[in-house]
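Participant: Any chance you could fold what I've pasted below:
(2 chains)
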Amino acid sequence: MIPLLRHIFRTGILTEPMPEAEGGPQREIDRLHDEILKVLGRALTIREVDAGSCNGCELEIHALNNPYYNLEGRGIKFVASPRHADMLLVTGSVTRNMENALRIAYDCTPDPKLVVAVGDCGCNGGVFGESYATCGAVENVVGVDLRIPGCPPTPLALMQGILAAIRTAK
Amino acid sequence: MIFHAEPIEFVRQPGLGAPAWRGRAADGEDMLRFAISVHRHHGRLAALWGEDRRQQGAGYRLHCVFALDEGWPWLSLDLAAEGDQCPVYPDLSGIFSAANRMQRATRDLVGIASDGSDQRPWLRHGAWPADWYPLRHDAVHEVGVGVGFANFPSDYEFVKVGGEGAHEIPVGPIHAGIIEPGHFRFSVVGERVLRLEQRLGYQHKGVEKLFIGADLAHGARLVGRVSGDSTCAYAWAYADAVEAACRVEPPPRALMLRALMLERERVANHLGDLGALGNDAAFAFGLTQFMRLKEDWLRLNQQIFGHRFMMDRIVPGGVVMDVDAAALAAMIEQCGVVRGEVRKLHALYDAHAGLQDRFVTTGAIDAALARELSLSGMAARASGILLDGRAHRQGYTPPAPYAKLGVRPVTDERGDVAARVAVRFDEIYESLRLLHEIALGLPGGETRVEVAPIGDASGLGVIEGWRGEVLVGVQFAGDGRLARVHPHDPSWQAWPALEHAVMKDIVPDFPLINKSFNLSYSGADL
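Facilitator: Below is the predicted model:
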């Protein structure tokens, strides 16, 4: 236990070191955190739905909870059920095999709900486009409030997008 | 070249990639005999796919890539086309159980079927008609909202488990975490898992159809998105296949830079998974620590390669970027820091009784079963099988630049979650060592050569990705465009291994066992 605690102590808090230089990702994270708190003032819950991605977007969404971005530390939490969610974060050019499941998840999310399409695939179909196997952009299946492009979008772009979606809802 | 005195004559494909031989089976019996001989010599089934060659005046072609100690014999079997009927070939799943899903997928996509008893659809869930085969050249379809085929999700016949108290737990396709979709059907008594049956295909994006008629550059973009966590492995395997077909050799500097990216990809994924494995055993400390290291790692990727996952950096002919001395120095320094941190975390993981209690004996697969399932990569090595495409073994010389680097493969005899954790730790150390070697020994010169497609040529690329063996088969059309590309993920073979691994354990152990493999849905659903 002692070595473990020592390791935690030695690592320190990585989330909010005071920015010394102008710009840079660290400073941007601080600004975004403050802004999210200001706009939100409470918790936001997100249900992530992979509707046909290559798993690249999921890797970056995972990164949102690493100590640098620490999204959960700011009251923004990923939940297991759409029934507990305020926002659906949808990735992938929606496959036709997932079309039905995405619709069900959407219907299960209580109103008022926000839907954010993530990645080039979610925004416009990306490299996979529309085909016999895919419906293309998320908006072809469920209503979308905001799009976060990128292949995959960086964690910073994801944070900015989530914030912008909350703003548009206000 | 003749394998095991079988009558099929194989020809070695040119190029610097993994050793592969091309052969033609005269008929189904011929293919079956060869498969049996491969199995008898402890070989594996590496990939299986189909091709419509009616436009070339032929019928259909079945491709099987086997894996032997020496390398990869690639066997093709021509099947005559008779009207709209499904040509039939002999079932291989009785010899290699891994063939089952590949054969069913081949039927769904190309419309050639095995004569086996399991004819349940695999990738087709009802989004297109049963008598319409997307990879046939005459399969045209309308796309768009409200047009095209009606989407009727079909029922699936899971194997029923009976007995007093036995019941089913359906999970998915949308899972509780931030992961890809798939369906798991558990048959349980109390907490004990009697059987797990997977139904995948939810990620089926029709990737293989998109390759048809694409040019080389677009093919490279597509192949890098078959499975986002293995983008470098896929891009390299595709480049190898194209280079073998076009008789082009990439410059030595490009090969070393590819290895640099592949090893960085391996380390990034192992770091993330080691953290997630801690988390799944309620050790959140592990997740936080490893995710921190992974983020540092990805940020340096962004800085040096211009992309956090190094997508689209490896292309046929070489690589599209170069590194300078400062970048190499930064990478060497980071390797040192990460090695030190991982060693400390390794000691903490090993000393944590609660964590080890969850890891040890959970989700075990023994070497005999791993062989029977044609398992490759990290999971096979964790079951005691010394199999790594980057490392020398008897009769096998790894492709450049690994032959010179002298990779020391990591194995563990236990086959459980603890073994897969241990192998990941040791593979991180080995990759860090290789990265150091690569950075110091990077040759000068060009990083890319021109690639001119050769009509009707074909090639195969095999790369040892972080998960296992990634294969890409490429066939050019007469006009130099891509006629058929088949990317094959090691997850095809490993998903059934997960079904076996979970059988003796309890339901709450499933997330941990699943994460210890961390298989790709997208890579196998295509």
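Participant: and residue B:462, that's in a strand?
Facilitator: Yes: if the criterion is DSSP: H, G, I helix; E, B strand; the rest coil, then residue B:462 is within a strand.
Participant: contacting residues around it?
Facilitator: Counting by C-beta atoms under 8 Å, 6 or more residues apart in numbering or on different chains, residue B:462 makes contact with B:17, B:18, B:20, B:46, B:72, B:237, B:240, B:389, B:469, B:470, B:471. C-beta: built from backbone N, CA, C; applies to glycine.
Participant: Now which of those would you call buried?
Facilitator: Of the members of the contacts of residue B:462, the ones counted as buried by neighbours, 16 or more other C-beta atoms under 10 Å in any protein chain shown, are B:17, B:18, B:20, B:46, B:72, B:237, B:240, B:389, B:469, B:470, B:471.
Participant: sorry, back to before: which among the contacts of residue B:462 gets closest to chain A?
Facilitator: Closest approach between the contacts of residue B:462 and chain A, by C-beta to the nearest C-beta: residue B:470, at 13.7 Å.
Participant: related to what we said a few turns ago, show me the buried ones among the contacts of residue B:462 that map onto strands.
Facilitator: B:20, B:46, B:72, B:469, B:470, B:471 (DSSP state E).
Participant: so the fifth one touches residue B:486, yeah?
Facilitator: Pointing back at residue B:470 there. No: using C-beta atoms under 8 Å, residue B:470 is not in contact with residue B:486; the gap is 11.6 Å.
Participant: so what's the closest residue to chain A within the stretch 401-526 of chain B up against?
Facilitator: At 4.9 Å from chain A, residue B:522 is the closest residue in the stretch 401-526 of chain B, using C-beta to the nearest C-beta. The contact partners of residue B:522, by C-beta under 8 Å, 6+ apart, come to A:53, A:54, A:55, B:180, B:203, B:205, B:226, B:227, B:228.
Participant: mind running it again at 7 Å?
Facilitator: Neighbouring residues of residue B:522 by C-beta atoms under 7 Å, 6 or more residues apart in numbering or on different chains: A:53, A:54, A:55, B:180, B:203, B:226, B:227.
Participant: what's the spacing between it and residue B:492?
Facilitator: 12 Å (C-beta to C-beta, to the nearest Å).
Participant: Next: residue A:96.
Facilitator: With C-beta to C-beta as the criterion, residue A:96 and residue B:492 are 21 Å apart.
Participant: if we can go back for a sec, need the max-distance pair from the contacts of residue B:522.
Facilitator: B:180 and B:226 (12.6 Å; C-beta to C-beta).
Participant: ok, the residue of the stretch 1-150 of chain B found nearest chain A - how many residues close by?
Facilitator: Here the residue of the stretch 1-150 of chain B nearest chain A is residue B:127; by C-beta to the nearest C-beta that distance is 3.7 Å. By other C-beta atoms under 10 Å in any protein chain shown, 27 other residues sit near residue B:127.
Participant: so what's the closest residue to it other than its chain neighbours up against?
Facilitator: Closest residue to residue B:127 apart from its sequence neighbours, by C-beta to C-beta, 6 or more residues apart in numbering or on different chains: residue A:96 at 3.7 Å. Applying C-beta under 7 Å, 6+ apart to residue A:96 gives the contacts A:133, A:134, A:135, B:127, B:151.
Participant: Make a PyMOL selection of whichever of the residues you listed turn out to be buried.
Facilitator: Those of the contacts of residue A:96 that count as buried under 16+ other C-beta under 10 Å are selected in PyMOL with:
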select buried, (chain A and resi 133+134+135) or (chain B and resi 127)
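Participant: For the contacts of residue A:96, give me TSV that also has secondary structure, distance to residue B:454 and pLDDT.
Facilitator: Listed next are those as TSV, based on DSSP: H, G, I helix; E, B strand; the rest coil; distance: C-beta to C-beta, whole Å; pLDDT from 0 to 100:
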residue	secondary structure	distance to residue B:454	pLDDT
A:133	coil	30	92
A:134	strand	32	92
A:135	strand	37	91
B:127	coil	36	89
B:151	coil	40	85
